[in-house]
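**Student:** 3D, please:
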Amino acid sequence: MAAMRTIFLAVLVASAALVQPATAGKTKQVRYVGIHPVPRSEGGGICYIEGPHVHIFGANKLEYRDHHGANYFVGDPVAYGYDGPKHVYKGHHPIHVDMVVGDDDADVEFCYLDGPHYHSFVPPEGPDFQVAGDAYFYVGEPGPVYVEARPQLVKINAVYTPLVYTRPVVEVEAPAAWIGVRFGGPAVVVDAPAVVVDAPAVRVRGPVVRAGVDVRVIVPPPPSVRVDVGIGIGFGGNVKIKGGGKGRKRGRGW
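**Tutor:** Numbers count the residues shown, from 1 in each chain. Next up is the predicted model:
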C-alpha cells in the first residue's frame, strides 16, 4: 500500500508539472509604470503603484503611452476615482514621464485632453508653463510630433465625455501664448486646392468656414454643381462635397 501511494503521488506531481506551464502561458503579463486606472472588468478603481509593475489586463492606445516597454497613463485619474494630490491643467500639454516616474530614461509625451482636467503631478519648472487661476497653461512650442499625432490622439476626449465626475473649473483668461490659442482650431490639417464650381449663374451668399477651408454656400444648389475640396464636408440640399476631388456624386447631403 505504501508503494502504491508513492506511485500515485508521483503521478500527481508529474501531471501538475505538465499542466502548470500550459495554464501559465495563457496569462499575459502587461507592464505598467506610474498610477493608472483599473478596468471595471477587473474591479475598477486606481492602481497606486508608482514604480514599474505588471498586470494581466491590457492598456488602450488613447490613454496610455509607451515608456520604454511599460504603459504610462496620460489621462485624468480623478475621472476613475483617484483621491490623491491633484493639480489642474487646461488644454494640451507635454508630460515629462521620466520626471514623473523618477527614472533616467528621457521621455516627453503629450496629454491631448481639451479644457480643464487633473493630473497627479506638477510640470517641470521653466518658461513653458504659466499659472493662472491655480491652473497650468502650456505656452511652449510643441513641435511637429504634437501636430502630427493630434488628429488621432485628440480622440481621447470622446472617452471622457460620458464620464461623470467633479471636473475642475477654470474661469480666468488664458495667457496669450497658450497652446489653446495657437492650436485651438480643428484637429484636421487641410491641404486642399481652391474650391472649384463648374455651374453657370450660381448665386453665392456669405463665406462659411468648415475645417479651416473657406467654403461658400451655394443658394440654391443646382443639380450640376460640383465642389471639390481636400476633405469630405457635407451640406444640406443636392450638393455633396467629396474629398480628393475625385468624381461627381449627387444626392442628399450628409
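**Student:** Which element, helix or strand, includes the closest residue to V139 other than its chain neighbours?
**Tutor:** Leaving out its chain neighbours, the residue that sits closest to V139 by CB to CB, 6 or more residues apart in numbering is A177, at 3.9 Å. Every residue, glycine included, has its C-beta placed from N, CA and C. Counting by DSSP states H and E, A177 is held by no secondary-structure element, helix or strand.
**Student:** what's the burial count for A177?
**Tutor:** A177 has 15 neighbours, counted by other CB atoms under 10 Å.
**Student:** before we move on, what about Y112?
**Tutor:** Neighbour count for Y112, taken as other CB under 10 Å: 22.
**Student:** And the one 3 residues further on, by the same measure?
**Tutor:** G115 has 14 neighbouring residues, counting by other CB under 10 Å.
**Student:** cool, and V30?
**Tutor:** 13.
**Student:** hang on, the earlier thing: tell me how far the residue nearest to V139 lies from K86.
**Tutor:** Look at A177 and K86: by CB to CB, to the nearest Å, they are 25 Å apart.
**Student:** Low-confidence bits of the chain, can you list those?
**Tutor:** In the predicted model, the chain carries pLDDT under 70 at residues 1-26, 185-254.
**Student:** All the strands of the stretch 1-150 of the chain, residue numbers only.
**Tutor:** Ranges of strands in the stretch 1-150 of the chain, per DSSP state E, counting those that start in this stretch, are 30-33, 36-37, 46-47, 52-55, 64-67, 70-73, 87-90, 93-96, 108-111, 116-119, 129-132, 135-138.
**Student:** Any idea which of these gets closest to N157?
**Tutor:** Closest of these to N157 is strand 116-119, at 9.8 Å (criterion: CB to CB).
**Student:** nearest to T166, of the strands of the stretch 1-150 of the chain?
**Tutor:** The nearest among those, by CB to CB, is strand 116-119 at 9.6 Å.
**Student:** partner strands of that closest one, parallel or antiparallel?
**Tutor:** Strand pairing for strand 116-119, determined by DSSP bridges: strand 87-90 (antiparallel).
**Student:** Contacts for the strand it pairs with, please.
**Tutor:** Here strand 87-90 makes contact (CB atoms under 8 Å, 6 or more residues apart in numbering) with 111, 113, 115-122, 134-138, 168, 170, 174, 178, 180.
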